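Visitor: Have a look at this prediction, sequence included:
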Amino acid sequence: MIRIFLTGYMGAGKTTLGKAFARQLGLTFIDLDWYIEERFHQSIPNLFRERGEDGFRQLERNMLHEAGEFEDVVISTGGGTPCFFDNMDYMNRQGQTVFLDVPVDVLFRRLRVATQQRPILQGKTDDELRTFIGRALEGRMPHYSQARYRFDGSRLEDRRQIADSVASLRRLLDL
Ligand SMILES: Nc1ncnc2c1ncn2[C@@H]1O[C@H](COP(=O)(O)OP(=O)(O)O)[C@@H](O)[C@H]1O
Ligand SMILES: O=C(O)C1=C[C@@H](OP(=O)(O)O)[C@@H](O)[C@H](O)C1
Ligand SMILES: [Mg+2]
C-alpha cells in the first residue's frame, strides 16, 4: 500500500508534481485544498474570509485525517498543513512524507504571478512578498524538516522538467 504526502511552501510544486507523479504510478491524487473546496463547496479564499485562518486550519486538519486514510494515494498538502496541530506527526505515521525544498527566489518568481487563490500572499508589493516568503519559510522550516524525505522542487518549469522530477522522486522513494 502506497501513501505519500507532499509538503512544502506555497509554490513549491506540490500540486504540479503530485498530480504528475500519481498519474505515472496509477495512484489516486488528492490535492488537499481541492478536496476541501469540493467538500465545503467554497474556495480557499472564501473559507479564510468566512471562518478565519483558525477555522480553516481546523477543517484542514479534519480533511487531512479523512484523506489520510485513503490507500494508494498521493496527497499534496497545503503549504501550512505541516505547521498546525500534530499534522506532521500524523502524516509521518500514516505514510511517506516528502518536503519539496525550493529556494526563496524561485518561490517568489512562481508566486508573484499566482496569489489570486492564496489569501496569505495577497495585497503585498513585490518587495513585501519576497520578504514575507523568506521569513515565512524560515519560520516553517522546523515543521517541513520533519519530513522523512527532502526533494529539490526547483525543476518544475516545463513538461520535461516535471517528467524528470517524477523520475527522480520515484528513485528517491524506490517506487
Ligand atoms: N502549468 C503551469 N504553467 C506555468 N506555471 C505553473 C504551472 N503549474 C504551476 N505553475 C507555477 O508553479 C507554482 C507551483 O505550482 P503548484 O503545484 O501550484 O505549487 P503548490 O501546490 O506547492 O503551491 C504555481 O504557483 C505556478 O506559479
Ligand atoms: O501556506 C499556507 O498557509 C497555505 C497554502 C495554500 O496551499 P498551496 O501551498 O498549495 O498554495 C492553501 O492551503 C492556503 O492558501 C494556505
Ligand atoms: Mg497546491
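Guide: Here it is on my side, so go on. Ligands and ions are numbered 1, 2, ... in the order given.
Visitor: Show the pLDDT at the closest residue to ligand 3 within the chain.
Guide: Here the residue of the chain nearest ligand 3 is Thr15; by C-beta to the ion that distance is 3.5 Å. Placement of C-beta: from N, CA and C, glycine included. For Thr15, the pLDDT comes out at 97.
Visitor: Verify the stated contact: it with Tyr35.
Guide: No - at 11.5 Å, Thr15 does not count as touching Tyr35 under the criterion of C-beta atoms under 8 Å.
Visitor: re the thing from before, which residues does the strand or helix carrying the residue of the chain closest to ligand 3 contact?
Guide: According to DSSP states H and E, Thr15 maps onto helix 14-25. By C-beta atoms under 8 Å, 6 or more residues apart in numbering, the residues outside helix 14-25 that reach it are 2, 4, 6-8, 27-29, 31, 33, 73-77, 79, 100, 153, 156, 162-163, 165-166, 169-170, 175.
Visitor: out of these, which are buried?
Guide: Among those, the ones that count as buried by 16 or more other C-beta atoms under 10 Å are 2, 4, 6-8, 27, 29, 31, 33, 73-77, 79, 100, 153, 156, 162, 165-166, 169.
Visitor: What about these, which are in strands?
Guide: Among the buried ones among the contacts of helix 14-25, the members falling in strands are 4, 6-7, 29, 31, 73-76, 100 (criterion: DSSP state E).
Visitor: Out of these, which comes closest to Asn46?
Guide: Of all those, Asn46 sits closest to Asp31, with 17.0 Å by C-beta to C-beta.
Visitor: Contacts only, for that closest one.
Guide: Applying C-beta under 8 Å, 6+ apart, we find Asp31 in contact with 14-15, 18-19, 75-76.
Visitor: Before I go, just wanted to say thanks for your time.
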